[in-house]
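*Asks:* Sequence unavailable; structure follows:
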Ligand SMILES: Cc1cc2nc3c(=O)[nH]c(=O)nc-3n(C[C@H](O)[C@H](O)[C@H](O)COP(=O)(O)OP(=O)(O)OC[C@H]3O[C@@H](n4cnc5c(N)ncnc54)[C@H](O)[C@@H]3O)c2cc1C
């Protein structure tokens, strides 16, 4: 293959780019595809940390196995036997309420008795049945207060802290939950819409219940997924490292000129599978297009404080907890990693990963590692019995934050649609466009691969997008 003139060039060797390439090759094994990756290794945000018998994550800790496209990609990566799962039915989650960890109920009946909010507030949730759809472009906080009452805010906060590390006063509901908004408009109520979809899903599946999804990772950590995908591409000479793309330009034949430090190449079709802000930089000055409505989207920076404890630590059984902002805590939440995925700590040891920073508290990342470890430990020991200080501690600081879908994001997506319509050989996916979770990235990558193969897939916005907490 002449790798300077591939049919298809994919910019970015993170999960989005690798998944696009793998799905494409599955459908068209002979296609000439080349992935250009800036770094010296694949995976971008996804990378596993492993030392002294402890295994933690720089970025994603896992994804829910309720997405067909992700399950298929795991198979295409040859990783079915390495999958490690933590079923949410067994691995309960906690929310911090008034300084205590409260178990999130796994069914609506138990929710009625759980001490997550007062009884009158639980009954108040039913106001959703009588409310008209909310007009405009409300924030998550405005929308959930309107539909379900103020008492729901801490729970909504916990959900969006756990996914976006975001601020529900700024995240826009139309951007983060377009499917739920569609349900609200169509059925006049989210509860009615959810019941309708549940009934329909049961009918479609011949009354077969799916049950609770499982949090999914791999025995050697999330880094295995991009590594296995990259290996397949490397064998075909379809992945080039240290190849930062500096500019892109349409050529007169309807294809693209792609410039890297090492030189220029041309391709028939171009996929940008880089984070939204990198795409916006590369797309500046795209011919026949007005400037984008946002020059960049805000990011929520995070640090992960990895803490090992002896067996004396009373870490609750389960997945972990999230702390709404109203609790005023130092950490956003903590994953009980060695409960969730056994083997993440040496024998007789336990591992937790505490998340600090986020959209509301970027200043906390200015603290040095020792201070982050000290304050994280102080914080979590108020929530669980930790009689001894950690026997292992490390701070992981991912180089980039989580893109935030805030004011102007819906307009930004419309601009992207317009750019792809004006330039039919340009395809844009990646971190922070339609969402930020792994399942979102894989679904969109599969759609791009389908379009490259000549078919027109349905849009993601028609579906109800899940969250991964
Ligand atoms: C701290 C953190 C925790 C997370 N936790 C979870 C979780 O638990 N579950 C979940 O579902 N999701 C989680 N996510 C989100 C998940 O990691 C992302 O959805 C996913 O990794 C994004 O993949 P991507 O390929 O789109 O982007 P990236 O991972 O950012 O990859 C983009 C790639 O493009 C390369 N690149 C950039 N610029 C150029 C250029 N000019 N030329 C060539 N290459 C370039 C980069 O080097 C990188 O390799 C988390 C994210 C973060 C940051």
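*Replies:* Arrived safely, thanks for sending. These numbers were taken from a predicted model, which means no experiment stands behind them.
*Asks:* Quick one: distance of stretch 60-67 to the chain centre.
*Replies:* In terms of C-alpha atoms, centre = their mean, to the nearest Å, the centre of stretch 60-67 is set 9 Å apart from its chain centre.
*Asks:* measure the residue in the chain that the ligand sits nearest to to residue 127 for me?
*Replies:* Distances between the chain and the ligand by C-beta to the nearest ligand atom are smallest at residue 14, namely 1.9 Å. Any C-beta I mention is one placed from the backbone N, CA and C, and that applies to glycine too. When C-beta to C-beta, to the nearest Å is applied, the distance between residue 14 and residue 127 equals 42 Å.
*Asks:* Isn't the residue of the chain closest to the ligand up against residue 46?
*Replies:* Yes - counting by C-beta atoms under 8 Å, residue 46 is a contact partner of residue 14 at 7.0 Å.
*Asks:* Between the two, which contacts overlap?
*Replies:* residue 226 (C-beta atoms under 8 Å, 6 or more residues apart in numbering).
*Asks:* coming back round to it: number of nearby residues for the residue of the chain closest to the ligand?
*Replies:* For residue 14, the count of nearby residues is 24 (other C-beta atoms under 10 Å).
*Asks:* That one bridge partners, please.
*Replies:* Here residue 14 shows beta-bridge partners residue 43, assigned using DSSP bridges.
*Asks:* ok, it to residue 104 distance?
*Replies:* For residue 14, the distance to residue 104 (C-beta to C-beta) stands at 31 Å.
*Asks:* likewise residue 97?
*Replies:* 10 Å.
*Asks:* residues shared between the contacts of those two?
*Replies:* With contacts taken as C-beta under 8 Å, 6+ apart, residue 97 and residue 104 have residue 116 as neighbours in common.
*Asks:* Report the central residue of this structure.
*Replies:* With distances taken as C-alpha atoms, centre = their mean, residue 437 lies nearest the centre of the chain, 1.8 Å away.
*Asks:* so where's this protein shaky on pLDDT?
*Replies:* 1-3, 107-114, 205-210, 455-469 (pLDDT under 70).
*Asks:* how's it carved up into domains?
*Replies:* Per automatic domain parsing, the structural domains of the chain span 8-45+222-297+404-462, 48-65+83-89+301-401, 108-204.
*Asks:* mind putting the ones you listed in TSV, distance to residue 71 included?
*Replies:* Below are the domains of the chain laid out as TSV (distance: least, C-beta to C-beta, whole Å):
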stretch	distance to residue 71
domain 8-45+222-297+404-462	9
domain 48-65+83-89+301-401	6
domain 108-204	17
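*Asks:* if I pick the residue of the chain closest to the ligand, what's in contact with it?
*Replies:* Shown in contact with residue 14 (C-beta under 8 Å, 6+ apart): 42-46, 226, 273-274, 430-431.
*Asks:* At the contact with the ligand, which residues of the protein appear?
*Replies:* 11-17, 36-39, 44-46, 59-63, 244-245, 273-275, 278, 302, 398, 402, 430-431, 436-438, 441, 468 (C-beta under 6 Å from any ligand atom).
*Asks:* Now go through these and say which are in helices.
*Replies:* Judged by DSSP state H, helices contain the following of these: 15-17, 278, 438, 441.
*Asks:* from the residues you listed, which two are the most distant?
*Replies:* Using C-beta to C-beta, those span at most 18.4 Å, a distance reached by 278 and 438.
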